[in-house]
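*Asks:* Any chance you could fold what I've pasted below:
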Amino acid sequence: MKCICFGYLDVQTREKKSPSEQNAMVDQCLAHDEVLKKNGHWADGEGPQDATTLRYQNGKVSVSDGPYAETKELLGDLLILEARDLNHAIQLISNHPGIKMGRWKIRSAQDLKPMIEASERRRGDAK
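*Replies:* Here you go, the predicted structure:
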C-alpha cells in the first residue's frame, strides 16, 4: 500500500542546532531515504519550500501566504512510501532520522484510478 507521510519540522528545535548539526541531520535523512529507495519502500518525496493556503468561502476563493516566521512547525518533508500496511509504514518512519526534528503524520493513500475511470465514463456518456 502507498502511504503519504508528512514530516513536520519543529522550527525551535532546528534553530537550537548549529549549521553543521543541521547539515548533518539533512545528510542523515537523505542517506536514509537512499536506503528506503534501495529496499523498494520509496515511491516519491519532496521537500516543500513555501506555502499558499486556498479556502472557498462565501462563493469565492481566498488566498493567503505562509508559512510565517512565528510558525512553530513547518511541513519539512512529504514522502510517499510503499509499505505492507500501516504498521510497516510506522516502522519505516520510526527509523527515519527526521523523526528527531519534529512529528510525522502517516496517511494511507487511496487509489483514485477507479474513481477517475468512473468519472470519465459518466462524462463520456453525457456528451
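
*Asks:* Now do the buried residues in the helix ranked longest in the chain.
*Replies:* In the chain, with assignment by DSSP state H, the single longest helix is helix 19-38. Using 16 or more other Cβ atoms under 10 Å as the test for burial, helix 19-38 gives 25, 29, 33, 36. The way it works is simple: take the backbone N, C-alpha and C, and place the C-beta from them, glycine included.

*Asks:* can you pull up the bridge partners for residue 7?
*Replies:* Legend: beta-bridge partners of residue 7 under DSSP bridges are residue 77, residue 104.

*Asks:* Keeping just the C-alphas, turn the longest helix of the chain into PDB.
*Replies:* In PDB, the C-alpha atoms belonging to helix 19-38 read as follows (Å, rounded to 0.1, in the frame of the first residue of the first chain):
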ATOM      1  CA  PRO A  19      24.700  24.900  10.900                       C
ATOM      2  CA  SER A  20      26.900  21.900  10.900                       C
ATOM      3  CA  GLU A  21      24.400  20.000  13.100                       C
ATOM      4  CA  GLN A  22      21.600  21.000  10.800                       C
ATOM      5  CA  ASN A  23      23.600  19.800   7.700                       C
ATOM      6  CA  ALA A  24      24.500  16.600   9.500                       C
ATOM      7  CA  MET A  25      20.800  15.900  10.100                       C
ATOM      8  CA  VAL A  26      19.900  16.600   6.400                       C
ATOM      9  CA  ASP A  27      22.700  14.300   5.300                       C
ATOM     10  CA  GLN A  28      21.400  11.500   7.700                       C
ATOM     11  CA  CYS A  29      17.800  12.000   6.400                       C
ATOM     12  CA  LEU A  30      18.900  11.800   2.700                       C
ATOM     13  CA  ALA A  31      21.100   8.800   3.400                       C
ATOM     14  CA  HIS A  32      18.100   7.100   5.000                       C
ATOM     15  CA  ASP A  33      16.000   8.000   2.000                       C
ATOM     16  CA  GLU A  34      18.500   6.200  -0.200                       C
ATOM     17  CA  VAL A  35      18.000   3.000   2.000                       C
ATOM     18  CA  LEU A  36      14.300   3.300   1.500                       C
ATOM     19  CA  LYS A  37      14.800   3.600  -2.200                       C
ATOM     20  CA  LYS A  38      17.200   0.600  -2.300                       C
END
